[in-house]
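Novice: Quick one: sequence plus predicted model below, questions after.
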Amino acid sequence: MLRLKNLAFTLVAAICINTAFAQEKTVEVGGAPMYPSKNIVENAVHSKDHTTLVAAVKAAGLVETLQGAGPFTVFAPTNEAFDKLPKGTVDHLLKPENKSTLTSILTYHVVAGRLDSKALADKVKEGNGTAELTTVAGGKIWIMMKGKKWVIKDEKGGMATITVKDVYQSNGVIFVIDHVLMPK
């Protein structure tokens, strides 16, 4: 009888967990649903469009940080964004001796706090068309609208377009971008 009760409890728990995930409002990124109840790393590892970013986060030793409480706003370059860098750049950055440079580039894509598109729109309005944000790396990025698209300007004058917005995570929000942002 006790075994039957344990089995019934396990089944009910599994149904509740699956129902909770099924009821979450997910956004698909890289062919995978991004669950708001999971953290940035737990979701990112499932996106086929972010395998280079995930490898870079691991090489930089930032997995534990991005699994932390945050909250973080992450501007996540796709594999195609990394492919736009000069040939050999990614391989060079992934070498252990370049960990500090890789870390500074990756943390340049992160802003402390949970800023969704509404919060960004408010900051852009306050800034008369441009929001200046300070990244975790200590650098600046500028967000603005170009027509109906959100764009980000980095310290070197490079521009990235936000292709997917408001991907909510348990510890922040992700914006998918089409170029790698570069600090000074």
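Specialist: Thanks, I have the structure now. In this text, all values refer to a predicted model and were calculated from it rather than measured experimentally.
Novice: what about the strands in the chain?
Specialist: 27-29, 32-34, 72-77, 110-112, 130-134, 140-146, 149-153, 159-169, 172-177 (DSSP state E).
Novice: Which positions within the fourth one qualify as buried?
Specialist: In terms of neighbour count (16 or more other CB atoms under 10 Å), strand 110-112 has its buried residues at Val110, Val111. Glycine gets a C-beta too; all of them are placed from N, C-alpha and C.
Novice: cool, and the longest one?
Specialist: With burial defined by 16+ other CB under 10 Å, the residues of strand 159-169 counted as buried are Ala160, Ile162, Thr163, Val164, Val167, Tyr168, Gln169.
Novice: Sheet partners, orientation included, of that strand?
Specialist: Here strand 159-169 is paired, per DSSP bridges, with strand 149-153 (antiparallel), strand 172-177 (antiparallel).
Novice: ok, Asp49 - contacts?
Specialist: Asp49 makes contacts with Val29, Gly30, Gly31, Thr78, Asn79, Glu80, Val176, as judged by CB atoms under 8 Å, 6 or more residues apart in numbering.
Novice: 6 Å - rerun?
Specialist: By CB atoms under 6 Å, 6 or more residues apart in numbering, Asp49 lies in contact with Gly30, Thr78, Asn79.
Novice: Do you know the pLDDT at it?
Specialist: What the model reports as pLDDT for Asp49 is 89.
Novice: residues near the residue nearest to it when sequence neighbours are not counted, how many?
Specialist: Distance criterion CB to CB, 6 or more residues apart in numbering; nearest residue to Asp49, sequence neighbours excluded, is Gly30 at 3.3 Å. Residues near Gly30, counting by other CB atoms under 10 Å, number 19.
Novice: Over to Lys58?
Specialist: Using other CB under 10 Å, Lys58 has 13 other residues around it.
Novice: Also Leu94?
Specialist: Leu94 has 16 neighbours, counted by other CB under 10 Å.
Novice: For Asn39, state which of the buried residues of strand 159-169 is nearest.
Specialist: Closest to Asn39 out of the buried residues of strand 159-169 is Gln169 (5.8 Å), distances taken as CB to CB.
Novice: what's that closest one in contact with, if anything?
Specialist: Going by CB under 6 Å, 6+ apart, the list of residues near Gln169 reads Asn39, Ile40.
Novice: So in terms of bridging, what pairs with it?
Specialist: Beta-bridge partners recorded for Gln169 (DSSP bridges): Gly172.
Novice: Pull up the per-residue confidence for it.
Specialist: Looking at Gln169, the pLDDT reads 90.
Novice: and the gap between it and Gly70?
Specialist: Gln169 sits at a distance of 8 Å from Gly70 (criterion: CB to CB, to the nearest Å).
Novice: ditto for Thr101
Specialist: From Thr101 to Gly70 the distance is 24 Å (CB to CB).
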